[in-house]
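Student: fold the following.
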Amino acid sequence: DMPAGPSEVLVIADQEANPAFVAADLLAQAEHGPDSQVILLTDSTTLAEAVNEQLRIQLGTLSRKQTAEKAIENSKTIVLESIPECIKWSDAYAPEHLIINTENADNVAEQIQVAGSIFIGSYTCESLGDYASGTNHTLPTYGYARNYSGVSVDSFVNKVTYQKATPQGLKNLGPAVEIMATAEGLDAHKNAVSVRLKEIENNN
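Tutor: Alright, predicted model coming up:
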């Protein structure tokens with residue numbers, strides 16, 4: 001129903017985040033497949049180092065260790081100057097899953113413009129969305145969150161648009177349509193307007 005590719009998670013975390021939680025979230029997505037990508041954005045070098053240590057520890061306990069390791073090889077930990085910079089970076093990346101593990105997670109979430117699904121706060125792991133929290137699990141990947149939303153009830157609802165032009169309405173819009181249709185070389189499109197405008201003109 002939408003462009004979708006390998007799984008992605010992006011975690012925005014600050015120095016208040018629990019490194020074990022962050023590492024667990026990264027690995028939960030990494031174990032999907034070797035082509036999965038996991039990204040940590042933080043403004044804290046200390047946290048980044050602690051998360052990397054936790055990744056090493058937790059990797060050893062996984063049954064899908066080799067898969068997760070390959071995904072981690074294609075993934076990044078990026079330290080930026082501030083959380084606002086992390087927000088901008090995240091919006092540019094447009095992640096499938098975005099976990100916000102910061103002190104003011106609600107405030108950060110309100111500033112996000114683009115993501116498939118957002119998980120707010122240190123106790124909202126992406127696994128909840130996969131299995132139990134009720135949010136949609138079919139989400140756009142590879143930056144397509146800029147253009148698509150997750151599949152929802154709306155995806156299965158037939159939406160019909162209606163329009164009705166009066167003679168005056170056609171006189172107002174018609175000339176612009178004629179110009180655009182001519183520019184595209186669509187003479188029949190233009191003519192559908194022109195014959196009506198001519199009829200209106202003859203009746204006046």
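Student: surely residue 77 touches residue 48?
Tutor: Yes - with contact defined as C-beta atoms under 8 Å, residue 77 reaches residue 48; the gap is 5.0 Å. From N, CA and C alone the C-beta is placed, and that goes for glycine too.
Student: mutual contacts of those two, please.
Tutor: Shared between the contact lists of residue 77 and residue 48 (criterion: C-beta atoms under 8 Å, 6 or more residues apart in numbering) are residues 40, 42.
Student: isn't residue 120 up against residue 106?
Tutor: Yes - in this structure residue 120 lies within contact range of residue 106 using C-beta under 8 Å: 6.2 Å.
Student: the two: who's more crowded?
Tutor: Each of residue 120 and residue 106 had its neighbours counted (other C-beta atoms under 10 Å), and the higher figure belongs to residue 120 (18 against 10).
Student: phi, psi of the more buried one?
Tutor: Main-chain torsions, residue 120, degrees, to the nearest 10: phi -110, psi 120.
Student: ok, residue 35 next?
Tutor: Backbone torsions for residue 35, taken as degrees, to the nearest 10, come to phi -100, psi 0.
Student: so how far is stretch 67-83 off the chain centroid?
Tutor: Centre-to-centre, stretch 67-83 and its host chain are 18 Å apart (C-alpha atoms, centre = their mean, to the nearest Å).
Student: which residues of this protein score low on pLDDT?
Tutor: 1-5, 134-138, 140-156, 158-161 (pLDDT under 70).
Student: run the last query once more with 80
Tutor: For the chain, residues meeting the criterion pLDDT under 80 lie at 1-6, 130-163.
Student: would you state the helices of it in chain order?
Tutor: Using DSSP state H, the helices found in the chain span residues 19-30, 45-59, 65-73, 83-93, 105-111, 126-131, 167-183, 187-203.
Student: who's the residue found closest to residue 122 once you drop the neighbours it is linked to in the chain bridged to?
Tutor: The shortest distance from residue 122 to any residue that is not its chain neighbour, by C-beta to C-beta, 6 or more residues apart in numbering, is 5.0 Å, and that residue is residue 101. Note on residue 101: beta-bridge partners by DSSP bridges are residue 13.
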